[in-house]
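K.L.:
structural data only, the sequence is not supplied:
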(Lines give C-alpha, C1' and ligand atoms only; values in the text may rest on other atoms or scores of the structure.)
Protein backbone atom coordinates (compact mmCIF):
# COMPACT_ATOMS: atom_id res chain seq x y z
CA UNK A 1 0.00 0.00 0.00
CA UNK A 2 3.06 2.25 -0.06
CA UNK A 3 2.91 5.35 -2.24
CA UNK A 4 6.64 5.84 -2.53
CA UNK A 5 9.61 3.98 -3.90
CA UNK A 6 13.17 4.11 -2.65
CA UNK A 7 13.68 7.61 -4.00
CA UNK A 8 10.69 8.80 -1.97
CA UNK A 9 8.72 9.59 -5.13
CA UNK A 10 5.41 7.90 -5.89
CA UNK A 11 5.60 4.75 -7.98
CA UNK A 12 4.42 5.30 -11.54
CA UNK A 13 1.92 2.48 -11.13
CA UNK A 14 0.23 4.26 -8.24
CA UNK A 15 0.08 7.49 -10.24
CA UNK A 16 -1.88 5.69 -12.96
CA UNK A 17 -4.13 4.12 -10.33
CA UNK A 18 -4.79 7.60 -8.91
CA UNK A 19 -5.61 8.94 -12.39
CA UNK A 20 -8.16 6.16 -12.85
CA UNK A 21 -9.63 6.63 -9.40
CA UNK A 22 -9.93 10.40 -9.77
CA UNK A 23 -11.41 10.00 -13.25
CA UNK A 24 -14.29 8.19 -11.59
CA UNK A 25 -14.52 9.85 -8.20
CA UNK A 26 -12.74 13.21 -8.34
CA UNK A 27 -14.07 16.67 -9.06
CA UNK A 28 -12.55 19.80 -10.56
CA UNK A 29 -14.70 22.72 -9.58
CA UNK A 30 -14.46 26.50 -9.69
CA UNK A 31 -16.71 28.13 -7.11
CA UNK A 32 -18.07 31.57 -8.06
CA UNK A 33 -18.88 33.42 -4.86
CA UNK A 34 -19.98 36.89 -3.89
CA UNK A 35 -17.36 38.49 -1.68
CA UNK A 36 -17.77 42.21 -0.90
CA UNK A 37 -14.19 42.48 0.29
CA UNK A 38 -12.78 41.77 -3.18
CA UNK A 39 -12.32 44.37 -5.90
CA UNK A 40 -15.17 43.14 -8.10
CA UNK A 41 -17.35 41.86 -5.22
CA UNK A 42 -17.13 38.36 -6.68
CA UNK A 43 -14.38 35.83 -6.48
CA UNK A 44 -13.54 32.58 -8.23
CA UNK A 45 -12.13 29.71 -6.19
CA UNK A 46 -10.75 26.65 -7.98
CA UNK A 47 -10.91 23.50 -5.91
CA UNK A 48 -10.01 19.89 -6.49
CA UNK A 49 -11.68 17.29 -4.32
CA UNK A 50 -12.33 13.58 -3.99
CA UNK A 51 -14.99 12.14 -1.69
CA UNK A 52 -15.20 8.65 -0.24
CA UNK A 53 -17.32 6.79 2.26
CA UNK A 54 -16.06 6.28 5.78
CA UNK A 55 -13.58 3.40 5.71
CA UNK A 56 -11.72 4.60 2.63
CA UNK A 57 -9.83 7.53 4.14
CA UNK A 58 -6.62 5.57 3.55
CA UNK A 59 -7.17 5.88 -0.21
CA UNK A 60 -7.74 9.63 0.09
CA UNK A 61 -4.56 9.77 2.16
CA UNK A 62 -2.75 7.81 -0.55
CA UNK A 63 -3.92 10.32 -3.18
CA UNK A 64 -2.85 13.18 -0.90
CA UNK A 65 0.64 11.71 -0.62
CA UNK A 66 0.88 11.02 -4.35
CA UNK A 67 -0.16 14.59 -5.19
CA UNK A 68 1.95 15.99 -2.38
CA UNK A 69 -0.74 18.40 -1.18
CA UNK A 70 -4.25 18.78 0.17
CA UNK A 71 -6.00 17.90 3.40
CA UNK A 72 -8.68 15.46 4.51
CA UNK A 73 -11.82 16.48 6.35
CA UNK A 74 -15.20 14.96 7.21
CA UNK A 75 -17.74 16.10 4.64
CA UNK A 76 -20.75 16.20 7.00
CA UNK A 77 -23.08 17.90 4.59
CA UNK A 78 -25.89 16.52 6.71
CA UNK A 79 -26.16 14.47 9.89
CA UNK A 80 -26.27 11.17 7.97
CA UNK A 81 -23.27 12.04 5.83
CA UNK A 82 -20.33 9.80 6.75
CA UNK A 83 -18.15 10.71 3.79
CA UNK A 84 -14.68 12.15 3.91
CA UNK A 85 -13.18 14.48 1.37
CA UNK A 86 -9.69 15.27 0.17
CA UNK A 87 -9.50 18.96 -0.70
CA UNK A 88 -6.89 21.03 -2.53
CA UNK A 89 -7.68 24.75 -2.60
CA UNK A 90 -4.26 26.27 -2.15
CA UNK A 91 -3.52 28.01 -5.41
CA UNK A 92 0.20 27.28 -5.55
CA UNK A 93 -0.48 23.58 -4.95
CA UNK A 94 -3.12 23.52 -7.66
CA UNK A 95 -0.77 25.25 -10.11
CA UNK A 96 2.41 23.33 -9.36
CA UNK A 97 1.13 19.92 -8.22
CA UNK A 98 -2.45 19.05 -9.14
CA UNK A 99 -2.57 20.48 -12.66
CA UNK A 100 0.83 19.07 -13.74
CA UNK A 101 -0.10 15.67 -12.28
CA UNK A 102 -3.26 15.29 -14.37
CA UNK A 103 -1.50 16.67 -17.43
CA UNK A 104 0.99 13.82 -17.08
CA UNK A 105 -1.41 11.06 -15.93
CA UNK A 106 -4.29 11.62 -18.24
CA UNK A 107 -7.98 11.48 -17.48
CA UNK A 108 -10.08 9.68 -20.06
CA UNK A 109 -13.72 10.42 -19.25
CA UNK A 110 -15.65 13.60 -20.01
CA UNK A 111 -14.05 14.87 -16.77
CA UNK A 112 -10.98 15.56 -18.85
CA UNK A 113 -12.69 18.53 -20.50
CA UNK A 114 -13.53 19.91 -17.04
CA UNK A 115 -9.95 19.44 -15.96
CA UNK A 116 -8.68 21.30 -19.03
CA UNK A 117 -10.94 24.27 -18.25
CA UNK A 118 -9.87 24.06 -14.62
CA UNK A 119 -6.19 24.09 -15.65
CA UNK A 120 -6.84 27.08 -17.92
CA UNK A 121 -8.47 29.00 -15.05
CA UNK A 122 -5.65 28.13 -12.63
CA UNK A 123 -3.13 29.40 -15.17
CA UNK A 124 -5.10 32.60 -15.80
CA UNK A 125 -5.16 33.23 -12.06
CA UNK A 126 -1.44 32.53 -11.86
CA UNK A 127 -1.10 35.40 -14.33
CA UNK A 128 -3.35 37.64 -12.23
CA UNK A 129 -6.12 37.72 -14.83
CA UNK A 130 -8.81 37.43 -12.14
CA UNK A 131 -7.74 40.85 -10.85
CA UNK A 132 -9.01 42.58 -13.98
CA UNK A 133 -12.71 42.83 -14.77
CA UNK A 134 -12.20 41.43 -18.24
CA UNK A 135 -10.14 38.50 -16.95
CA UNK A 136 -12.62 37.75 -14.18
CA UNK A 137 -15.47 37.72 -16.70
CA UNK A 138 -13.57 35.33 -18.94
CA UNK A 139 -12.77 33.03 -16.02
CA UNK A 140 -16.44 33.00 -15.00
CA UNK A 141 -17.55 32.15 -18.52
CA UNK A 142 -15.12 29.22 -18.58
CA UNK A 143 -16.15 28.13 -15.07
CA UNK A 144 -19.79 28.01 -16.11
CA UNK A 145 -18.96 25.69 -18.99
CA UNK A 146 -17.62 23.13 -16.52
CA UNK A 147 -19.52 20.22 -14.94
CA UNK A 148 -22.41 19.87 -17.38
CA UNK A 149 -22.61 23.56 -18.14
CA UNK A 150 -23.01 24.53 -14.49
CA UNK A 151 -26.42 22.89 -14.04
CA UNK A 152 -25.91 22.78 -10.28
CA UNK A 153 -25.12 26.46 -9.90
CA UNK A 154 -27.61 28.67 -8.11
CA UNK A 155 -27.13 31.79 -10.26
CA UNK A 156 -26.82 32.05 -14.04
CA UNK A 157 -23.58 33.34 -15.52
CA UNK A 158 -25.53 36.12 -17.25
CA UNK A 159 -26.85 37.44 -13.92
CA UNK A 160 -23.41 37.37 -12.35
CA UNK A 161 -21.74 38.98 -15.34
CA UNK A 162 -24.43 41.69 -15.36
CA UNK A 163 -23.81 42.39 -11.68
CA UNK A 164 -20.11 42.66 -12.47
CA UNK A 165 -20.54 45.97 -14.29
CA UNK A 166 -18.06 48.27 -12.61
CA UNK A 167 -19.56 50.91 -10.34
CA UNK A 168 -19.40 54.54 -11.43
CA UNK A 169 -16.45 55.12 -9.14
CA UNK A 170 -14.59 52.12 -10.48
CA UNK A 171 -15.53 53.08 -14.05
CA UNK A 172 -14.12 56.58 -13.54
CA UNK A 173 -10.97 55.13 -12.01
CA UNK A 174 -10.63 52.73 -14.91
CA UNK A 175 -11.06 55.57 -17.41
CA UNK A 176 -8.53 57.55 -15.46
CA UNK A 177 -6.05 54.69 -15.41
CA UNK A 178 -6.39 54.18 -19.14
CA UNK B 1 -6.14 6.33 -25.92
CA UNK B 2 -4.86 2.98 -27.23
CA UNK B 3 -5.25 -0.01 -24.95
CA UNK B 4 -2.55 -2.14 -26.53
CA UNK B 5 1.17 -1.99 -27.12
CA UNK B 6 3.06 -3.56 -29.99
CA UNK B 7 2.52 -7.06 -28.60
CA UNK B 8 -1.24 -6.46 -28.63
CA UNK B 9 -1.36 -6.67 -24.84
CA UNK B 10 -2.64 -3.79 -22.73
CA UNK B 11 -0.02 -1.33 -21.48
CA UNK B 12 0.74 -1.77 -17.81
CA UNK B 13 -0.07 1.90 -17.24
CA UNK B 14 -3.61 1.43 -18.55
CA UNK B 15 -4.09 -1.62 -16.35
CA UNK B 16 -3.31 0.48 -13.27
CA UNK B 17 -5.63 3.21 -14.52
CA UNK B 18 -8.39 0.59 -14.93
CA UNK B 19 -7.75 -0.71 -11.39
CA UNK B 20 -8.16 2.83 -10.04
CA UNK B 21 -11.25 3.52 -12.11
CA UNK B 22 -12.93 0.25 -11.14
CA UNK B 23 -12.01 0.79 -7.50
CA UNK B 24 -14.20 3.88 -7.62
CA UNK B 25 -16.85 2.95 -10.15
CA UNK B 26 -16.96 -0.82 -10.52
CA UNK B 27 -19.08 -3.41 -8.76
CA UNK B 28 -18.57 -7.06 -7.87
CA UNK B 29 -21.92 -8.59 -7.21
CA UNK B 30 -23.36 -12.06 -6.75
CA UNK B 31 -27.07 -12.19 -7.54
CA UNK B 32 -29.06 -14.76 -5.57
CA UNK B 33 -32.14 -15.65 -7.60
CA UNK B 34 -34.96 -18.11 -7.41
CA UNK B 35 -34.89 -20.40 -10.42
CA UNK B 36 -37.25 -23.41 -10.38
CA UNK B 37 -35.36 -25.08 -13.22
CA UNK B 38 -32.21 -25.51 -11.11
CA UNK B 39 -31.61 -28.39 -8.73
CA UNK B 40 -32.01 -26.34 -5.56
CA UNK B 41 -34.54 -23.85 -7.00
CA UNK B 42 -32.09 -21.05 -6.33
CA UNK B 43 -29.06 -19.98 -8.27
CA UNK B 44 -26.12 -17.68 -7.66
CA UNK B 45 -24.89 -15.48 -10.50
CA UNK B 46 -21.59 -13.61 -10.10
CA UNK B 47 -21.42 -10.45 -12.17
CA UNK B 48 -18.85 -7.72 -12.63
CA UNK B 49 -20.07 -4.39 -13.93
CA UNK B 50 -19.09 -0.76 -14.35
CA UNK B 51 -21.62 1.99 -15.09
CA UNK B 52 -21.00 5.37 -16.65
CA UNK B 53 -23.03 8.28 -17.90
CA UNK B 54 -23.72 8.65 -21.60
CA UNK B 55 -20.60 10.11 -23.20
CA UNK B 56 -18.16 7.82 -21.43
CA UNK B 57 -18.86 4.59 -23.29
CA UNK B 58 -15.33 4.84 -24.74
CA UNK B 59 -13.90 4.31 -21.24
CA UNK B 60 -16.13 1.27 -20.70
CA UNK B 61 -14.94 0.02 -24.10
CA UNK B 62 -11.35 0.62 -23.00
CA UNK B 63 -11.92 -1.46 -19.85
CA UNK B 64 -13.60 -4.16 -21.95
CA UNK B 65 -10.54 -4.35 -24.20
CA UNK B 66 -8.11 -4.32 -21.27
CA UNK B 67 -10.01 -7.15 -19.55
CA UNK B 68 -10.53 -8.95 -22.84
CA UNK B 69 -14.18 -9.75 -22.13
CA UNK B 70 -17.64 -8.38 -21.38
CA UNK B 71 -20.22 -6.40 -23.30
CA UNK B 72 -21.69 -2.90 -23.17
CA UNK B 73 -25.39 -2.19 -22.93
CA UNK B 74 -27.64 0.74 -22.09
CA UNK B 75 -28.66 0.49 -18.46
CA UNK B 76 -32.14 2.00 -18.87
CA UNK B 77 -33.31 1.22 -15.38
CA UNK B 78 -35.88 3.94 -15.90
CA UNK B 79 -36.86 6.32 -18.69
CA UNK B 80 -34.50 9.05 -17.45
CA UNK B 81 -31.55 6.68 -17.10
CA UNK B 82 -28.90 7.50 -19.71
CA UNK B 83 -26.15 5.36 -18.23
CA UNK B 84 -24.31 2.58 -19.96
CA UNK B 85 -22.90 -0.47 -18.31
CA UNK B 86 -20.07 -2.88 -19.01
CA UNK B 87 -21.09 -6.36 -17.89
CA UNK B 88 -19.14 -9.58 -17.44
CA UNK B 89 -21.32 -12.55 -16.48
CA UNK B 90 -19.71 -15.33 -18.45
CA UNK B 91 -18.25 -17.64 -15.86
CA UNK B 92 -15.15 -18.64 -17.79
CA UNK B 93 -14.32 -14.98 -18.42
CA UNK B 94 -14.81 -14.11 -14.76
CA UNK B 95 -12.58 -17.00 -13.70
CA UNK B 96 -9.80 -16.60 -16.26
CA UNK B 97 -9.81 -12.86 -16.97
CA UNK B 98 -11.60 -10.62 -14.45
CA UNK B 99 -10.47 -12.33 -11.24
CA UNK B 100 -6.79 -12.71 -12.27
CA UNK B 101 -6.75 -9.09 -13.47
CA UNK B 102 -7.79 -7.64 -10.11
CA UNK B 103 -5.52 -10.06 -8.27
CA UNK B 104 -2.64 -8.56 -10.25
CA UNK B 105 -3.78 -4.90 -10.30
CA UNK B 106 -4.93 -4.44 -6.77
CA UNK B 107 -7.95 -2.60 -5.51
CA UNK B 108 -7.36 -0.42 -2.48
CA UNK B 109 -10.77 0.63 -1.18
CA UNK B 110 -13.18 -1.46 0.88
CA UNK B 111 -14.25 -2.85 -2.51
CA UNK B 112 -11.23 -5.09 -2.27
CA UNK B 113 -12.93 -7.21 0.41
CA UNK B 114 -15.96 -7.59 -1.89
CA UNK B 115 -13.69 -8.59 -4.72
CA UNK B 116 -11.98 -11.23 -2.57
CA UNK B 117 -15.33 -12.78 -1.67
CA UNK B 118 -16.35 -12.56 -5.31
CA UNK B 119 -13.15 -14.35 -6.37
CA UNK B 120 -13.74 -17.01 -3.72
CA UNK B 121 -17.27 -17.64 -5.04
CA UNK B 122 -16.09 -17.77 -8.66
CA UNK B 123 -13.48 -20.35 -7.67
CA UNK B 124 -16.00 -22.40 -5.69
CA UNK B 125 -18.28 -22.43 -8.73
CA UNK B 126 -15.36 -23.44 -10.94
CA UNK B 127 -15.07 -26.47 -8.66
CA UNK B 128 -18.80 -27.18 -8.95
CA UNK B 129 -19.49 -26.39 -5.32
CA UNK B 130 -22.74 -24.59 -6.21
CA UNK B 131 -24.14 -27.91 -7.41
CA UNK B 132 -24.19 -29.31 -3.88
CA UNK B 133 -26.60 -28.03 -1.26
CA UNK B 134 -23.81 -27.48 1.22
CA UNK B 135 -21.68 -25.59 -1.32
CA UNK B 136 -24.61 -23.46 -2.46
CA UNK B 137 -25.38 -22.51 1.14
CA UNK B 138 -21.76 -21.55 1.73
CA UNK B 139 -21.69 -19.46 -1.44
CA UNK B 140 -24.88 -17.68 -0.40
CA UNK B 141 -23.49 -16.91 3.05
CA UNK B 142 -20.40 -15.37 1.46
CA UNK B 143 -22.50 -13.49 -1.12
CA UNK B 144 -24.57 -11.93 1.65
CA UNK B 145 -21.44 -10.63 3.34
CA UNK B 146 -20.62 -8.59 0.24
CA UNK B 147 -21.58 -4.97 -0.50
CA UNK B 148 -22.26 -3.71 3.03
CA UNK B 149 -23.63 -7.01 4.25
CA UNK B 150 -26.25 -7.24 1.50
CA UNK B 151 -28.26 -4.22 2.70
CA UNK B 152 -29.80 -3.84 -0.75
CA UNK B 153 -31.03 -7.40 -1.01
CA UNK B 154 -34.77 -8.06 -0.92
CA UNK B 155 -34.67 -11.32 1.04
CA UNK B 156 -32.58 -12.19 4.08
CA UNK B 157 -29.99 -14.93 3.79
CA UNK B 158 -31.75 -16.79 6.64
CA UNK B 159 -35.03 -16.94 4.70
CA UNK B 160 -33.30 -18.16 1.58
CA UNK B 161 -31.23 -20.73 3.42
CA UNK B 162 -34.36 -21.97 5.20
CA UNK B 163 -36.15 -22.34 1.88
CA UNK B 164 -33.17 -24.32 0.64
CA UNK B 165 -34.00 -27.36 2.75
CA UNK B 166 -34.06 -30.22 0.29
CA UNK B 167 -37.49 -31.59 -0.55
CA UNK B 168 -38.38 -35.05 0.72
CA UNK B 169 -37.65 -36.52 -2.69
CA UNK B 170 -34.28 -34.85 -2.89
CA UNK B 171 -33.54 -35.80 0.72
CA UNK B 172 -34.29 -39.42 -0.03
CA UNK B 173 -32.15 -39.33 -3.13
CA UNK B 174 -29.33 -37.74 -1.13
CA UNK B 175 -29.63 -40.40 1.54
CA UNK B 176 -29.61 -43.00 -1.19
CA UNK B 177 -26.57 -41.50 -2.85
CA UNK B 178 -24.75 -41.38 0.46
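P.N.:
Everything's here; your move. Source: prediction; values computed, not measured. Numbers count the residues shown, from 1 in each chain, chains lettered A, B, ... in the order given.

K.L.:
what is the neighbour count of residue A:68?
P.N.:
Applying other Cβ atoms under 10 Å in any protein chain shown, we find 15 residues neighbouring residue A:68. For glycine as for every other residue, the C-beta is placed from the backbone atoms N, C-alpha and C.

K.L.:
A strand includes residue A:149, no?
P.N.:
No - read with DSSP: H, G, I helix; E, B strand; the rest coil, residue A:149 is helix and lies in no strand.

K.L.:
just the pLDDT for it.
P.N.:
On the pLDDT scale, residue A:149 is placed at 72.

K.L.:
what is the burial count for it?
P.N.:
Neighbours of residue A:149 (other Cβ under 10 Å): 10.

K.L.:
any idea how far it lies from residue B:140?
P.N.:
Using Cβ to Cβ, to the nearest Å, one obtains 46 Å as the distance from residue A:149 to residue B:140.

K.L.:
buried ones in the helix or strand encompassing residue A:159?
P.N.:
Residue A:159 belongs to helix A:157-163 when assigned by DSSP states H and E. The neighbour-count check on helix A:157-163 (16 or more other Cβ atoms under 10 Å in any protein chain shown) flags A:157, A:160 as buried.

K.L.:
just checking, what packs against that helix?
P.N.:
Judged by 3 or more Cβ pairs under 8 Å, 6 or more residues apart in numbering or on different chains; DSSP states H and E, the packing partners of helix A:157-163 are helix A:133-150.

K.L.:
near chain B at all, the helix it packs on?
P.N.:
No - Helix A:133-150 does not reach chain B (Cβ under 8 Å from any Cβ of the partner chain); its nearest approach is 9.3 Å.

K.L.:
contacts for that helix, please.
P.N.:
Contact with helix A:133-150 is made by A:27-30, A:32, A:40, A:42, A:44, A:114, A:117-118, A:120-121, A:124-125, A:128-130, A:153, A:157, A:160-161, A:164, A:166, A:174, as judged by Cβ atoms under 8 Å, 6 or more residues apart in numbering or on different chains.

K.L.:
buried residues in it, which are they?
P.N.:
Under 16+ other Cβ under 10 Å, the buried positions of helix A:133-150 are A:133, A:135-140, A:142-144, A:146-147, A:150.

K.L.:
a markdown table for those, including distance to residue A:50?
P.N.:
Output for the buried residues of helix A:133-150, formatted as a markdown table (distance: Cβ to Cβ, whole Å):
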| residue | distance to residue A:50 |
| --- | --- |
| A:133 | 33 |
| A:135 | 29 |
| A:136 | 28 |
| A:137 | 30 |
| A:138 | 28 |
| A:139 | 23 |
| A:140 | 25 |
| A:142 | 22 |
| A:143 | 20 |
| A:144 | 23 |
| A:146 | 16 |
| A:147 | 15 |
| A:150 | 21 |
